[in-house]
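A.B. asks: Okay, sequence plus prediction incoming.
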Amino acid sequence: MSRLLISMLLLAFLSTLLTYGYSQEPASPTTFSDAEKEFLAICDEMDAAAMEFWERYSAIEKIGDQVQYQRDHDPYTNYVEQLLDFESRNRGKDVGLLALRTVVTSAAGGGIPENARELGRRKLLEVLPAYANNELLPYVILYFPCGNVDMEIESCLRNIIAAPNASPGNRDYAKYSLAEWFLYMRDTREFRIERKKELDAGAEPRYTVEPESNVHQLENGMPTDRIESIELEAANLLKGLVESKSEFQIPNVKGVDENWKILQVDKSSHAQRPTLAKKAAGLLFNEINLRVGRNAPALEIELVNGKKWSLAEQRGKPVIIQFSFKGCGPCAAMYPDLRELKEEYGERLTILSIMADSDVMVTLDAVESSELTWDVAWDGEKGPLATQWSVRGFPTIYVVGPDGLIAAVGLRDKELRKKIAELEK
């Protein structure tokens, strides 16, 4: 995987994290305990080794040689074991959980199957339920959908739900995460099947080990014969959370160190995020209304220019709906393409960006500077529309066809252009 692609993935995931409770400002300087100093030292060494590895990896031209180099020189092999050993000596403490968080975040990058980060994540899944009452637990669980498939995630979440020491909030969050993971696994399987067809037909791999990774994910992912049952269980879990009116909110956190390896709950922050009941309702809404082939839901919104906008009034032409915010790198990377599409198709195409900026003036500045040259609405940070549509990362993109059906989800670049061309004809 090239450093450019790694950077893009990290940017996308950092954008996703803004939907959780990461504070903008780090914590005040503090004195670290001996255990925290040891933890930070391991992290610093691991990050330096990883940077050196990726520089050498990127200089290798042949794909096969890159894969072999990663197998022979994986910098995480030693450090993942150090982090797991550190956790075992500090089990039950915040710093022990944060060591597990570092392992799971390192595994979020995927890579060749059965790599050291993936194997380390598998080990941490066994011990994570010991932290079922820790306020920081959601900041480990939220990384579960990232990286290579691991079916043991299901067992881990079930064990947290059943843990006698689980706090009510963490138990509810594990239920929500299990439902979310089930639906993610189903969608991933559908995507991998289609992607395998494309690769078998000669499509260019999007990253070095995509063909190998794709086969691994299909062989080790959710079996097809379980799809119907997990869809039903996911729906029941979400309905239960909605009916319970769960008020749990993921706590805000801030970084104690400059690299945000050590986190602490930010009790001074009053930023409001959707309750778990509202998030569950959003995921149910998404499942019912926003899958490809479904009738797009009614959407009426006021644009920042004061005009009323209705999805129903766009019938007869393709519509691109993008959830975005200022400062989201992957979102901004789409803007040139969106400007070109708007210029090319004119009134035959509608584009709407729904902005999650905390201040409407930030959105207005983007419009007035001609960064956004299409219809723009402001939803606010963790806004009601993003909550209703269960937006879990930025950018989130929906394409609605001229017939009012959801035509595609998540398309960008050439694939987005191809889909618009197909629909416009």
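C.D. replies: Great, that's in hand.
A.B. asks: use CA for all of it now, contacts and neighbours both
C.D. replies: Fine.
A.B. asks: all strands in the stretch 251-400 of the chain, in order from the N-terminus.
C.D. replies: 253-255, 263-265, 300-302, 308-310, 319-324, 350-355, 375-378, 396-400 (DSSP state E, counting those that start in this stretch).
A.B. asks: Just send these back as JSON lines, with mean pLDDT and distance to Thr275 too.
C.D. replies: Shown next, in JSON lines, are these (pLDDT from 0 to 100; distance: least, Cα to Cα, whole Å):
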{"stretch": "strand 253-255", "mean pLDDT": "91", "distance to Thr275": "17"}
{"stretch": "strand 263-265", "mean pLDDT": "92", "distance to Thr275": "17"}
{"stretch": "strand 300-302", "mean pLDDT": "96", "distance to Thr275": "23"}
{"stretch": "strand 308-310", "mean pLDDT": "97", "distance to Thr275": "27"}
{"stretch": "strand 319-324", "mean pLDDT": "97", "distance to Thr275": "20"}
{"stretch": "strand 350-355", "mean pLDDT": "97", "distance to Thr275": "20"}
{"stretch": "strand 375-378", "mean pLDDT": "96", "distance to Thr275": "21"}
{"stretch": "strand 396-400", "mean pLDDT": "96", "distance to Thr275": "21"}
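A.B. asks: Could you export the ones you listed as CSV, including distance to Ile141?
C.D. replies: Shown next, in CSV, are the strands of the stretch 251-400 of the chain (distance: least, Cα to Cα, whole Å):
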stretch, distance to Ile141
strand 253-255, 15
strand 263-265, 15
strand 300-302, 33
strand 308-310, 37
strand 319-324, 24
strand 350-355, 27
strand 375-378, 30
strand 396-400, 21
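A.B. asks: Any idea which of those strands gets closest to Ala203?
C.D. replies: Judged by Cα to Cα, the one of the strands of the stretch 251-400 of the chain that comes nearest to Ala203 is strand 396-400, at 22.9 Å.
A.B. asks: who does that closest one pair up with?
C.D. replies: Applying DSSP bridges, strand 396-400 is found paired with strand 319-324 (antiparallel), strand 406-409 (antiparallel).
A.B. asks: Identify all contacting residues around the first one.
C.D. replies: In this structure, residues lying in contact with strand 319-324 by Cα atoms under 8 Å, 6 or more residues apart in numbering are 331, 349-356, 386, 391, 394-402.
A.B. asks: try 7 Å this time
C.D. replies: Applying Cα atoms under 7 Å, 6 or more residues apart in numbering, the contact partners of strand 319-324 are 331, 349-356, 394-401.
A.B. asks: swap in the shortest one?
C.D. replies: Counting by Cα under 7 Å, 6+ apart, strand 406-409 makes contact with Leu290, Arg291, Val292, Gly293, Arg294, Asn295, Ala296, Ile397, Tyr398, Val399, Val400, Gly401, all of which sit outside it.
A.B. asks: circling back: Arg186 is nearest to which of the strands paired with strand 396-400?
C.D. replies: strand 406-409 (14.7 Å).
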